[in-house]
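S.K.: need coordinates for the below:
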Amino acid sequence: MKNGRGDIAAANADGRRGGAARGGGPFLRPGCAVARAPLDNWSSIACLAREKGTGRLAAIGSAHALAGPGCAIGGAPGRALGAAIWVRGRRDRPPVEIGSIAHILFGAEGDAALVALSPGLARRIETALPHMPARLDAPARGRVLCLEGRRSARTDGQVADVGVFSVRHGARTVAFEGFRLDPVPGRTGYRLCAPGDSGGLWRDRARNIAVGIHVAGGRDARTGRPYALACRLDMAAAAFDAEVFL
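M.R.: The predicted structure is shown next:
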């Protein structure tokens, strides 16, 4: 789809397979799969957003995944501004272009990209958008959050630490304000996160409060236990001067 034309509904898929919404719900729900050309690095969407100054509707995802080499290798995130972003359709449908990268955060304030939606798609989404923005909150140690990513669908983690974390992407290391999550105590044998979850949403599902954007994951070198890293969604939203919708 270009310039808002195309079968948007046909591009929807179950969130567990990296799609958007079912039925009459809003498109581009947390965890749906997005990528820029050549569509070989699919990541996740965290949420919808509206720029306060312009009223433009957008989606928030991962900077290092969506900006690609311009962010991680070349060290110049601005190269990716204006790049077209696509959402994965159902198995029998091709990907659909949803808009382009308007802003990038790749540093202390987070690892996030703001994708301005095409006018046609924005009009369709507006009809199903909640009347009030989502609640945002800072991370707190001990809090159990749910990750909604394209690979892991929904999985829980407990905030183990809050502070500044560093992650290497390609030839560049970025430090950001965020938090680390470990498996929930007492639960074993589940996957905390997986490649492709970058950009996904960490939220308190019980209270429907958005907290973070998934950045990376791995295994602790000392304990072998999985962990996940996320940047703060409240800081990204403030930097983008945008309100968030779930």
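S.K.: can we go C-alpha only for contacts and neighbour counts from here?
M.R.: Fine.
S.K.: ok, which stretches of this structure are strands?
M.R.: 33-36, 43-51, 57-61, 84-87, 96-107, 110-117, 135-136, 144-149, 153-169, 172-182, 201-204, 209-219, 226-232, 242-245 (DSSP state E).
S.K.: distance to residue 128 added to the ones you listed, as a markdown table?
M.R.: Shown next, in a markdown table, are the strands of the chain (distance: least, Cα to Cα, whole Å):
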| stretch | distance to residue 128 |
| --- | --- |
| strand 33-36 | 20 |
| strand 43-51 | 12 |
| strand 57-61 | 13 |
| strand 84-87 | 18 |
| strand 96-107 | 17 |
| strand 110-117 | 15 |
| strand 135-136 | 18 |
| strand 144-149 | 20 |
| strand 153-169 | 22 |
| strand 172-182 | 31 |
| strand 201-204 | 20 |
| strand 209-219 | 19 |
| strand 226-232 | 26 |
| strand 242-245 | 11 |
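S.K.: TSV for those strands, including mean neighbour count and mean pLDDT?
M.R.: Listed next are those as TSV, based on neighbours: other Cα atoms under 10 Å; pLDDT from 0 to 100:
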stretch	mean neighbour count	mean pLDDT
strand 33-36	28	93
strand 43-51	27	96
strand 57-61	28	97
strand 84-87	24	94
strand 96-107	22	92
strand 110-117	28	95
strand 135-136	18	97
strand 144-149	26	96
strand 153-169	18	93
strand 172-182	20	92
strand 201-204	26	97
strand 209-219	24	95
strand 226-232	25	96
strand 242-245	23	97
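S.K.: which of the ones you listed sits closest to residue 129?
M.R.: strand 242-245 (7.4 Å; Cα to Cα).
S.K.: export the closest one as PDB, just CAs?
M.R.: What follows is strand 242-245 as a C-alpha-only set of coordinates in PDB (Å, rounded to 0.1, in the frame of the first residue of the first chain):
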ATOM      1  CA  ALA A 242       3.800  12.200  21.500                       C
ATOM      2  CA  GLU A 243       1.000  10.500  23.400                       C
ATOM      3  CA  VAL A 244       0.700   6.700  23.300                       C
ATOM      4  CA  PHE A 245      -2.200   4.500  22.500                       C
END
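S.K.: OK, contacts around the closest residue to residue 122 other than its chain neighbours?
M.R.: Distances taken as Cα to Cα, 6 or more residues apart in numbering put residue 57 closest to residue 122, at 6.0 Å, once the chain neighbours are dropped. For residue 57, the contact set (Cα atoms under 8 Å, 6 or more residues apart in numbering) comprises 48-51, 116-117, 122.
S.K.: same question for residue 237.
M.R.: Residue 237 makes contacts with 243-244, as judged by Cα under 8 Å, 6+ apart.
S.K.: quick one: residue 201 from residue 62, how far?
M.R.: 10 Å (Cα to Cα, to the nearest Å).
S.K.: correction: the previous question concerned residue 189.
M.R.: Residue 189 sits 27 Å away from residue 62, going by Cα to Cα.
S.K.: between those two, point out the one with more neighbours.
M.R.: residue 62 (30 against 6; other Cα atoms under 10 Å).
S.K.: correct me if wrong: that one contacts residue 41.
M.R.: No. Taking Cα atoms under 8 Å as the definition, residue 62 is not a contact partner of residue 41, at 11.3 Å.
S.K.: domain ranges for this protein?
M.R.: 8-132, 135-237 (automatic domain parsing).
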